[in-house]
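1. Structure for the following, please:
(one chain, ligands or ions: 3)
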Amino acid sequence: MACRICSGRLREFADFGRQPISDAFVEPGDPREEFFFRLAVGVCESCTMVQLLEEVPRERMFHEGYPYVSSGSSVMREHFHTLAKRLLTTELSGDDPFVVELGCNDGTMLEVVADAGVRHLGVEPSGGVADLAAAKGVRVTKDFFEAATAARVRAEDGPADVIYAANTLCHIPYMDSILSGVDTLLKVDGVFVFEDPYLADIVARSSFDQIYDEHFYFFCAGSVSRMAARHGFELVDVERLPVHGGEVRYTLARIGARTPAPAVAAMLAEEDAAGITRLSALDRFAATVEGNRDRLTALLKGLRAQGATIYGYGATAKSATVLNYCGIGPDLLTFVSDTTPAKQGRLTPGSHIPVLGPEAFRDPYPDYALLLAWNHAEEIMAKETGFRESGGRWILYVPDVHVV
Ligand code: JHZ
Ligand code: SAH
Ligand code: ZN
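-> Ligands and ions are numbered 1, 2, ... in the order given. Okay, the predicted model is just below:
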């Protein structure tokens, strides 16, 4: 197995076994067999990039029926609106600037750019969510971004001031094609800004459910700066973000075009001191995760044996890893509550637990709720105060298994 960035040797450190497509919610009675792959993670001995060992073909994950919508969380809507306003005030130049977003999904970020009357384009291969963006007045092309897409956009629209990607770059194994596409499309002094889950947060919080088919790479400042340099780019800024359980927003510019902010050297030094890409640290992470799996399974089985009812909360992509790795099925969770219309009435992939709308969660409340959308804990607990008032308790498994 070779590194998808540098062809270096990969050392496997965690194996979650056979896993389904995380966002492939099953229509009850659908006779088609589900697709499974081996979900395992390794680290590159040369460039330190942490990555999956098996790649799922992109069309199996991102298609017309892709169900995830960015606007499902009010905190995320606010996050992207704030970012959009910042890009509009700090990154645009000339009298007809151009903003490109990769993986614009339902247009939660670009709707702000569209409303400001600034020229823009969303590149979004999943047709259903791309249509939602278009309905908001966002200009979108239904394509996978790659070198050929970049060349076409450049020819039709000219160069971009800024290319932005949230929770998308780490989903794309074919990085050479992406970064050469960014090189083609970006203005000489433009920036490529992207934000993705931060390896250091995943390791520190044992948030193993960030590992699933769509998350191919687990970035840190060190691996990103080496990856960038291969294509003539330099890491010029980093910013830690609280969303999705801990992310970093990276800014790349052409080598020499901008002076790197002090935060870059600081993060690189911090990562080196902590040794987050050392095999020993990653092996420790894997051992902790196994312990948490056993504790979570024992807790749920014990509660069910006492006759308690337990529902899941948030049919997240992440939860595919938890449910399938821990062997949690409809015998332990009666159903999973989720606000996403495209997930409701379906079954969770692999584990086949029914997904129902949030009204079912309240009618009646369960004794316990497993918070599968733990990254939105604050937002969810604030809106489900009635559950606690009814005597219900939340079960969390990040950073460890606990009941609140
Ligand atoms: P959430 C997806 O991951 C997939 P998921 C992807 N790979 C990725 O990286 C991130 O998004 C960005 C529901 N919900 O955000 C909505 C409620 O029911 O943790 C969602 O289905 N009630 C692209 O799926 C799910 O929970 C609520 O109040 O792990 C949350 O999914 C809220 C706030 C959410 O991402
Ligand atoms: N940016 C949004 C959506 C993340 S979901 C947010 O942070 O909430 C990831 C998105 O990336 C999906 O909508 C998927 O269709 C899209 N995607 C996957 N591969 C892509 C590619 N090669 N180019 C552009 N978008 C891609
Ligand atoms: Zn490598």
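2. contacting residues around the residue nearest to F285 when sequence neighbours are not counted?
-> With sequence-adjacent residues excluded and distances taken as CB to CB, 6 or more residues apart in numbering, F285 is closest to V203, at 4.9 Å. For the C-beta atoms, the positions are set from N, CA and C on the backbone; glycine is no exception. Listed by CB atoms under 8 Å, 6 or more residues apart in numbering, the contact set of V203 reads 276, 281-282, 285.
3. same check, this time on L296
-> With the criterion set at CB under 8 Å, 6+ apart, L296 makes contact with 322, 326, 328, 395, 397, 401.
4. gap between it and A373?
-> The gap separating L296 from A373 is 16 Å, by CB to CB, to the nearest Å.
5. again, but for E91
-> Distance of E91 to A373, computed by CB to CB: 31 Å.
6. Enumerate the residues of the stretch 151-300 of the chain near ligand 2.
-> Within the stretch 151-300 of the chain, the positions near ligand 2 by CB under 6 Å from any ligand atom are 166-168, 171-172.
7. now, which of those residues lie within strands?
-> A166 (DSSP state E).
8. now that we have the residues of the stretch 151-300 of the chain next to ligand 2, which one has the most neighbours?
-> Neighbour counts for those peak at A166, which has 26 neighbours (criterion: other CB atoms under 10 Å).
9. surely that one meets F194?
-> Yes: applying CB atoms under 8 Å, one finds A166 in contact with F194, separated by 7.0 Å.
10. residues from the stretch 1-150 of the chain in reach of ligand 3?
-> Neighbours of ligand 3 within the stretch 1-150 of the chain, by CB under 5 Å from the ion: 3, 5-6, 8, 44, 46-47, 49.
11. which residues does the residue most central in space within the chain contact?
-> Among the residues of the chain, N167 comes closest to the average C-alpha position under CA atoms, centre = their mean, at 4.5 Å. By CB under 8 Å, 6+ apart, the contact set of N167 is 103, 195-197, 244.
12. Compare E91 and A373 (neighbour count), which wins?
-> A count of neighbours by other CB under 10 Å puts A373 above the other of E91 and A373, at 21 against 17.
13. so what's that one closest to, chain neighbours aside?
-> G314 (2.6 Å).
14. correct me, but F361 touches S337?
-> Yes: judged on CB under 8 Å, F361 makes contact with S337 at a distance of 4.0 Å.
15. any common contacting residues for the two?
-> With CB under 8 Å, 6+ apart as the test, F361 and S337 both reach 311, 313, 369.
16. In CSV: those residues, plus distance to ligand 2, pLDDT and secondary structure.
-> Converted to CSV, the shared contacts of F361 and S337 look like this (distance: CB to the nearest ligand atom, whole Å; pLDDT from 0 to 100; DSSP: H, G, I helix; E, B strand; the rest coil):
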residue, distance to ligand 2, pLDDT, secondary structure
Y311, 25, 98, strand
Y313, 19, 98, strand
A369, 24, 98, strand
